[in-house]
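> Structure here, sequence nowhere to be found:
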């Protein structure tokens, strides 16, 4: 019995929900999302009670596995359309930085050329103004949007351009991420 899957999903004010067969569409102040769930799962939307319920059509292993997952994904869609999701990142390293031009973001992270990525539709990149930082403070930016998976995936793609290294700590990291530091090579004393 799935405890998560059996919990009804409350629909807050300001969010419009439509369930058409297997397609769930959610619209809110932060954006619009739509998703087609698996045929092993059924979904009902009660407009009067403003509640979505998720049921499984059978009791086989796959249906039980998808029950809670489907409920969690729809709840995340509602949260994303209402409040949005955000991943904050920091860039450590001398000369490292980020620039956003239109629908492209370019990272200068110690490679011979800048790494340029296209920003997926629905996502926004917000860069903290450089004059607000001190010389030793990292460059800070955030990836935000209504789709939790898209925000996390794009933030991970950007971080992969230069993951933090353990010796000097240079690279991209999530805000608040702890990097275990290693000591450098120990040189032997002067021999005779």
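Nice, I can see it. Please read all numbers here as calculations on a predicted model, not as lab measurements.
> how about residue 106, what does it touch?
98-100, 114-117 (CB atoms under 8 Å, 6 or more residues apart in numbering). Every C-beta, even on glycine, is put in place using the N, C-alpha and C of the backbone.
> Can you tell me which of the residues you listed has the most neighbours?
Highest neighbour count within the contacts of residue 106, by other CB atoms under 10 Å: residue 98, with 22 neighbours.
> Pop out the phi and psi values for the residue nearest to residue 163 when sequence neighbours are not counted.
Among residues not flanking residue 163 along the chain, residue 171 sits closest, at 5.4 Å (CB to CB, 6 or more residues apart in numbering). Dihedral pair for residue 171: phi 130, psi -170, per degrees, to the nearest 10.
> and if you look at residue 115?
With angles defined as degrees, to the nearest 10, residue 115 sits at phi -90, psi 120.
> Could you pull up the contacting residues of it?
106-107, 109, 161.
> And for residue 95?
Residues near residue 95 by CB under 8 Å, 6+ apart: 108, 110.
> and which of the contacts of residue 106 is nearest residue 30?
Ranked by distance to residue 30 (CB to CB), those are led by residue 100 at 19.4 Å.
> Mind pulling the model confidence for the closest one?
If you check residue 100, the pLDDT there is 93.
> ditto for residue 88
So residue 88 comes in at 96 (pLDDT).
> List the contacts of the residue lying closest to it once chain neighbours are set aside.
Closest residue in space to residue 88, ignoring its immediate chain neighbours: residue 175 at 3.7 Å, by CB to CB, 6+ apart. Counting by CB under 8 Å, 6+ apart, residue 175 makes contact with 88-90, 140.
> if you set the cut-off to 7 Å instead, what comes out?
Counting by CB atoms under 7 Å, 6 or more residues apart in numbering, residue 175 makes contact with 88-90.
> cool, and residue 100?
125, 127.
> For it, give its distance to residue 116.
Computed as CB to CB, to the nearest Å, the residue 100 to residue 116 distance reads 11 Å.
> Show me what the lowest-mean-pLDDT helix or strand in the chain is packed against.
None of the helices or strands of the chain scores lower by mean pLDDT, DSSP states H and E than helix 3-6, at a mean of 86. Counting contacts by 3 or more CB pairs under 7 Å, 6 or more residues apart in numbering; DSSP states H and E, helix 3-6 packs against helix 61-82.
> Report the buried residues of the helix it packs on.
63, 66-82 (16 or more other CB atoms under 10 Å).
> Now do the domain split for the protein, please.
Under automatic domain parsing, the residue ranges defining each domain of the chain are 3-82, 85-174.
> Just give the number of residues close to the closest residue to residue 76 other than its chain neighbours.
Among residues not flanking residue 76 along the chain, residue 148 sits closest, at 4.8 Å (CB to CB, 6+ apart). Using other CB under 10 Å, the number of residues around residue 148 comes to 18.
> Now do the contacts for residue 148.
76, 80, 85.
> Backbone torsions only: list them for the residue nearest to residue 126 when sequence neighbours are not counted.
Spatial nearest neighbour of residue 126, excluding adjacent residues (CB to CB, 6+ apart): residue 142 at 5.1 Å. Residue 142 adopts backbone torsions of phi -140, psi 150, taken as degrees, to the nearest 10.
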